[in-house]
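*Asks:* just to be clear, the model below is a prediction. Sequence and coordinates:
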Amino acid sequence: MKILGIDTSCDDTAVSLLEIKNGKFNILSNIVSSQVKVHAKYGGVYPFLAKREHQKNLPAVFKRALRGLASQASPDLIAVTAGPGLEPCLWQGINFAKEIAEKHKKPLISVNHIEAHILANFLNLKSKILNLKSIFPAVALVVSGGHTQLILVKKIGQYKLIGETRDDAAGECLDKVARILGLGYPGGPAIAACAAKMVGRRVSDQLPRPMIKQKNYDFSFSGLKTAVLYKVKKGNYDKIEMCHEVQQAVIDVLIHKTIKAAKDFGAKSIILGGGVTANGELRRQFNLNLKSKILNLKFFVPPKKLCTDNAAMIAITAYFHRDKKVKNIKADANLKI
Ligand code: KG4
Ligand code: ZN
């Protein structure tokens, strides 16, 4: 079976063709056209510009995704993100998917972008090896530019949101801090690169770890950005130190709350997903913490390329929902998991 995935939920135009053969997922193509350059001057995503770019780029990205593949590579299912995301952007992908589905007389599957970030972890596994009993229940942490959520995964398709950010998402906080410090967009990778220069220097905690002590699974990152802004305005700061500190504050809170949730809910594994989980320090420190605490938790994190937005994750999600074909898909900017 082959599934064509399409994602236009934010500022990446993504199309992928996924083959499922002998219980294995083969990514035949996974094309992501980034709009980073277009949005860089705004320091964030500008929705109507993003919509225009998707419209412009989709036909070429689609062509590239199928280029070089034999004609028998034509998909059996067309999967597209219905939400959450920027509504004008979501509609671009949905309308394009509908056109292809109609033209080739193939069924459509509607995909939740957050669920897709979680299931991106399984692209490297054999679908048969996904021994559900040894992985679930799991606690998933999805952290991106738009979301910071802790989700209890009872099994694939059964989710319960247990915590989320009350204001800015973790990625949004890094993007805003990068802007304050005059680093580029997206902020996460820029801050990570600057923070790496701290090697060998003395580290001191200068910023708050918001909500880390609270007995819930919610987050708050806007105060962190304000604390940085305050220090920058006062002028007595070192850019490298500040990048290291803000990155470490975000990491401390994410790791603490995720491990707490996993313990409290008796999870067998921790699953990461979303752009911020491409962060090398976050991945390293998660690993270290899990090992040192001898928690006996399985730990899943996708390869970096599959942490950020892509359409292979949309296709694998559709595979797990392949029986739920739909005639009409509507964009839902606030679609819940
Ligand atoms: O999942 P994603 O590609 O798009 C959304 O659904 O939002 O995530 C983008 C976010 C941005 O805020 C970006 O700064 C952050 O992920 N990000 C990172 C890294 N790579 C991307 N944050 C920290 N470290 C990284 N290496
Ligand atoms: Zn995303």
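*Replies:* Thanks, I have it. Residues are numbered from 1 along each chain as shown. Ligands and ions are numbered 1, 2, ... in the order given.

*Asks:* give the contact list for whatever residue of the stretch 201-337 of the chain ends up closest to ligand 2.
*Replies:* Scanning the stretch 201-337 of the chain for proximity to ligand 2 using CB to the ion identifies residue 309 as nearest, at 4.5 Å. Any C-beta I mention is one placed from the backbone N, CA and C, and that applies to glycine too. In this structure, residue 309 makes contact with 7, 9, 10, 12, 14, 32, 144, 275, judged by CB atoms under 8 Å, 6 or more residues apart in numbering.

*Asks:* need phi/psi at the closest residue to it other than its chain neighbours.
*Replies:* Leaving out its chain neighbours, the residue that sits closest to residue 309 by CB to CB, 6 or more residues apart in numbering is residue 12, at 4.3 Å. For residue 12, the backbone dihedrals are phi -120, psi 130 (criterion: degrees, to the nearest 10).

*Asks:* contact partners for residue 12?
*Replies:* Under the criterion of CB under 8 Å, 6+ apart, the contact list for residue 12 reads 32, 33, 34, 35, 308, 309, 310.

*Asks:* change it to 10 Å
*Replies:* Counting by CB atoms under 10 Å, 6 or more residues apart in numbering, residue 12 makes contact with 32-36, 45, 50, 53-54, 57, 61, 89, 275, 308-311.

*Asks:* show me what from the stretch 1-150 of the chain comes close to ligand 2.
*Replies:* Applying the criterion CB under 5 Å from the ion, the portion of the stretch 1-150 of the chain that neighbours ligand 2 consists of residue 144.

*Asks:* just the helices in the stretch 1-150 of the chain please.
*Replies:* 36-40, 47-66, 87-104, 113-119, 132-135 (DSSP state H, counting those that start in this stretch).

*Asks:* low-confidence regions, the chain specifically.
*Replies:* Per-residue confidence for the chain (pLDDT under 70) gives these ranges: 43, 71-73, 127-132.

*Asks:* do that again at 80, thanks
*Replies:* 38-45, 68-73, 126-133, 205, 293-294 (pLDDT under 80).

*Asks:* any idea which residue is closest to the centre of it?
*Replies:* A centroid search over the chain (CA atoms, centre = their mean) returns residue 274, at 1.8 Å, as the residue closest to the centre.

*Asks:* from what I can see that residue touches residue 151, true?
*Replies:* No: counting by CB atoms under 10 Å, residue 274 stays clear of residue 151, with 11.2 Å between them.

*Asks:* still on that earlier bit, hey, which of the helices of the stretch 1-150 of the chain is tucked in deepest?
*Replies:* Per-stretch averages of neighbours, counted by mean count of other CB atoms under 10 Å, single out helix 113-119 among these, with a mean of 27.

*Asks:* check whether that one contacts ligand 1.
*Replies:* No: where contact is defined by CB under 6 Å from any ligand atom, no part of helix 113-119 touches ligand 1; the two come within 6.5 Å at best.

*Asks:* wait, what's in contact with the nearest residue to residue 114 once chain neighbours are set aside?
*Replies:* Leaving aside its sequence neighbours, residue 114 sits nearest to residue 337 (CB to CB, 6+ apart; 4.8 Å). Counting by CB under 10 Å, 6+ apart, residue 337 touches 84, 112-115, 117-118, 140, 142, 147, 149, 151, 153, 159-161.

*Asks:* try residue 203
*Replies:* 241, 244, 245, 248.

*Asks:* show me the residues around residue 6 that make contact.
*Replies:* 13-16, 54, 58, 61-62, 65, 78-81, 92-94, 96-97, 100, 111, 311, 314-315.

*Asks:* tell me what the strand or helix carrying residue 259 is packed against?
*Replies:* Take DSSP states H and E as the rule and residue 259 turns out to sit in helix 239-264. Counting contacts by 3 or more CB pairs under 10 Å, 6 or more residues apart in numbering; DSSP states H and E, helix 239-264 is packed against strand 138-143, strand 148-155, strand 158-164, helix 170-180, helix 187-195, helix 222-234, strand 269-273, helix 280-292.
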